[in-house]
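Engineer: Next come a sequence and a model predicted from it.
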Amino acid sequence: MSSYHINDLHVISPLLFDSWPMDIIKTQNCKLSPYAAISESAQIFADETSEIIIEPGVTNFYISAHHAKIDIGEDNMFSLFIKMNAGSHEIVDKDTDTIIDNTAPIITGKHVWLGMGTTLLPGCNIGEGSIAGAASLVNKAIPANCICAGAPAKVIRENIVWKREKQNSQ
């Protein structure tokens, strides 16, 4: 078992990397589970008050968190151009000077499939076994074993399961 030090983050292998640019991780608060597979297109940014947890089997994404938490479940399958952004800019009420930006957590359950170009916003929680269709904008809770699509995403099919490998059809 090898280990790496990347921008003060201690990563313990075995990790699978298509390519590993040394500036991929910009935080000390990112927890990569052993056996996480991170592709060269992955980017992770977080400030010191944020937490990002990435379970095994996740690839191809852009994650940015500021004063927020992003928790990616085990065995997620991400297509290209996946974006997650929580609390990246401060929004202030002009009259009260109160910070009103949304730093609610972004959560994906186990075995979630995100189609190409899907964006996850603060407050979304995608249930185990669900699918977000290509170019979906997910900004709320999606139940387990559902397909959601659209901007904003809506449940379009319930009671589904998906498999990484296509079975031979007859």
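Structural biologist: Thanks, I have it.
Engineer: Quick check: mean pLDDT of the helix or strand hosting Ile63?
Structural biologist: Assigned by DSSP states H and E, Ile63 belongs to strand 61-65. In this model, strand 61-65 has an average pLDDT of 75.
Engineer: Give the partner strands of that strand in its sheet and their orientations.
Structural biologist: strand 43-46 (parallel), strand 82-86 (parallel) (DSSP bridges).
Engineer: Contacts made by the helix or strand following it with the rest, please.
Structural biologist: The element immediately downstream of strand 61-65 (helix or strand, assigned by DSSP H and E) is strand 69-72. Applying C-beta atoms under 8 Å, 6 or more residues apart in numbering, the contact partners of strand 69-72 are 46, 50-55, 58, 63, 84, 86, 105-108. Every residue, glycine included, has its C-beta placed from N, CA and C.
Engineer: Just among those, which is most surrounded?
Structural biologist: Thr108 (28 neighbours; other C-beta atoms under 10 Å).
Engineer: Find me the pLDDT at that residue, would you?
Structural biologist: 96.
Engineer: ok, now which ones touch it?
Structural biologist: Asp71, Ile72, Gly73, Asn76, Leu114, Leu120, Asn125, Ile126.
Engineer: What about it? Give its phi and psi, please.
Structural biologist: When read as degrees, to the nearest 10, the backbone of Thr108 gives phi -120, psi 140.
Engineer: ends of stretch 72-90, how far apart?
Structural biologist: Distance between the two ends of stretch 72-90: 24 Å, counting by C-alpha to C-alpha, to the nearest Å.
Engineer: same thing with stretch 87-102?
Structural biologist: 6 Å.
Engineer: can you offset everything so residue one is 21?
Structural biologist: Taking 21 as the first residue, the last one we looked at is stretch 107-122.
Engineer: can you list contacts of that stretch?
Structural biologist: Ser70, Ser84, Ala85, His86, His87, Ala88, Ala106, Thr123, Leu141, Pro142, Gly143.
Engineer: Now do the buried residues in it.
Structural biologist: Gly107 (16 or more other C-beta atoms under 10 Å).
Engineer: go on, stretch 148-165?
Structural biologist: Applying 16+ other C-beta under 10 Å to stretch 148-165 flags 149-153, 156-159, 162-165 as buried.
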